[in-house]
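J.: generate a structure from the sequence data that follows.
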Amino acid sequence: MDDDRRSWRPCVLAAAVFAVCMAGTTLPTPLYGLYQEKFGFSELTVTVVYAVYAFGVIGVLLLAGNASDAVGRRPVLLAGLACATASAVCFLCATGLGWLYAGRLLSGLSAGLFTGAATVYVMELAPSGGSSRATFAATAANMGGLGCGPLLAGVLAQYAPWPLYLPFVVHLVLVAGSAAVLLWLPETVRELRPLRTVRPQRPGLPAGVRAVFGPAATASFVGFALFGVFTSVSPAFLTESLDVHNRAVIGLVVALAFFASTAGQLAVGRIGVGRSLPLGCAGLLVGLALLAGALWWDLLPLVVLSALVGGAGQGLAFRGALSAVAGASPPDRRAAVISTLFVVAYTGISVPVIGVGVLSGPMGLEGAGLVFIACMAVLVTAAGAYLLRRPVRSAAP
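T.: Just a heads-up that it's a prediction; the model follows:
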């Protein structure tokens, strides 16, 4: 038993580092209202500030999504922690909107450096025969970390002093500890190449991955779009329409979606990749319907149910997509293919969210949200129907 625990220790520690980095990317979520009061910007500006993060992620994935395959996992992850540190410093120094843009961009760079590299790193550090558990550890660290960010910031903002500063100080301490852990962990890339060999990559896929990638990426797009709305505009909806002013409650509601995603990911090992993708699409569709009801009737319980059901659906779909795509990818292209999947997912976080921000002016937040839900429902229904007709099969559950 002790030997088994020791063999899993590097994998678990790498997952913890992954979670710390991702938590920093959602720390500002329950604080946007405070920033709006301080700097006096609109709801559209909130969505743009939020989406700048996604543009940073996509840029890194396209320009250096395969960097860890060449220079090694640890150097790329250390660079990601450096960007996370710089992001926290920007928020600590924020005296205007430009600081928020810079902080979100740096946060996106950190996430972009981590997503593909850390996912593969956690898998590679797992003991032999532990690929399924390692896949769950990687995706759970990603989503669990994203959920811990708003929860931590919300609790500190509500019950501790310096609400716009203390969350980022705490995160800086966690990042410093993560850097120490990362320096202790081993490198898993055996044949290292110089940084100059890394080239920007076009979104492209090996032939054997394409049939799996289309529906998996569509489900990932919708799931991340739902999360984008929860983390950017739901705090304003909770405050303005539902009269919820407790920052800890706002952070908890957002966190529930990410924690439910982790639970959904855990279920994939039991139900299998082939069934998890269409079931995930169904969960996303129900979550979107519940969110529509919450917007139409101004009901907090429906927001909570939407977070739980939609989050679980996202978890089923996302881990199923990641497992299917990773299982169909050649080992020497795996990090690059996973990065391409994240490009699609983070496009879902950015573009629909900005659309909601643009429409919120003429239509109001509720009307813009209903248009978003209708568009996402069409996409996820099409993906689910395709997956029912042509189930995804993967050797890596």
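
J.: so what's the residue nearest to Thr115 when sequence neighbours are not counted up against?
T.: Counting by Cβ to Cβ, 6 or more residues apart in numbering, Thr115 lies nearest to Phe342, which is 4.6 Å off, once chain neighbours are set aside. Every residue, glycine included, has its C-beta placed from N, CA and C. Neighbouring residues of Phe342 by Cβ atoms under 8 Å, 6 or more residues apart in numbering: 57, 61, 65, 115-116.

J.: between these, which sits nearest Val303?
T.: The nearest member of the contacts of Phe342 to Val303, counting by Cβ to Cβ, is Val57 at 26.1 Å.

J.: so how far is Ala267 from the residue nearest to Thr115?
T.: To Ala267, Phe342 is 22 Å away according to Cβ to Cβ, to the nearest Å.

J.: and for Leu27?
T.: Leu27 is 28 Å from Ala267, by Cβ to Cβ.

J.: who has more neighbours out of these two?
T.: Neighbour count, other Cβ atoms under 10 Å: between Leu27 and Ala267, Leu27 has more, with 27 against 18.

J.: and that one, how close does it get to Ala260?
T.: Leu27 sits 20 Å away from Ala260, going by Cβ to Cβ.

J.: please apply the same query to Pro150.
T.: Distance of Pro150 to Ala260, given as Cβ to Cβ: 14 Å.

J.: returning to that earlier point: and the residue nearest to Thr115, helix, strand or coil?
T.: Three-state assignment for Phe342 (DSSP: H, G, I helix; E, B strand; the rest coil): helix.

J.: could you shift the numbering so residue one becomes 33, and keep it that way?
T.: All set: I'll call the first residue 33, so the last point we hit is now Phe374.

J.: now do the same for it: its pLDDT.
T.: pLDDT for Phe374: 79.

J.: next one: Met33
T.: Met33 is given a pLDDT of 49.

J.: repeat that for Cys122.
T.: With respect to pLDDT, Cys122 has a value of 98.

J.: roughly how far does it sit from Ala344?
T.: As judged by Cβ to Cβ, Cys122 and Ala344 stand 34 Å apart.

J.: and for Gly389?
T.: Distance of Gly389 to Ala344, given as Cβ to Cβ: 27 Å.

J.: ok, these two, which is more surrounded?
T.: It is Ala344, of Gly389 and Ala344, that has more neighbours when counted by other Cβ under 10 Å, with 26 against 23.

J.: how many neighbouring residues does the nearest residue to the more buried one once chain neighbours are set aside have?
T.: Once flanking residues are discounted, Ala344 sits nearest to Gly296: 3.9 Å by Cβ to Cβ, 6+ apart. Neighbour count of Gly296, defined by other Cβ under 10 Å: 29.

J.: contact partners for Gly296?
T.: 312, 315, 343-351.

J.: between these, which sits nearest Leu332?
T.: Distances from Leu332 to the contacts of Gly296, taken as Cβ to Cβ, are shortest for Gly343 (16.2 Å).

J.: assign the closest one to helix, strand or coil.
T.: Assignment for Gly343 (three-state DSSP): helix.

J.: with the one 4 residues further on instead?
T.: Secondary structure, three-state DSSP: Gly347 is helix.

J.: Arg242 too?
T.: Assignment for Arg242 (three-state DSSP): helix.

J.: how many neighbours does it have?
T.: Counted with other Cβ under 10 Å, the neighbours of Arg242 add up to 11.

J.: Leu198 too?
T.: For Leu198, the neighbour count with other Cβ under 10 Å is 16.

J.: show me where the stretch 233-382 of the chain has its helices.
T.: Listed in chain order, the helices of the stretch 233-382 of the chain (DSSP state H, counting those that start in this stretch) span 242-264, 266-272, 279-303, 305-329, 332-360, 366-421.

J.: between those helices, which one is closest to Val152.
T.: Nearest to Val152, of all the helices of the stretch 233-382 of the chain, is helix 366-421, at 4.8 Å by Cβ to Cβ.

J.: returning to that earlier point: gap between the residue nearest to Ala344 and Leu348?
T.: Distance from Gly296 to Leu348, by Cβ to Cβ: 4 Å.

J.: next one: Ala189
T.: To Leu348, Ala189 is 32 Å away according to Cβ to Cβ.

J.: more neighbours, these two?
T.: Comparing Ala189 with Leu348 by other Cβ under 10 Å, the one with more neighbours is Leu348, at 31 against 26.
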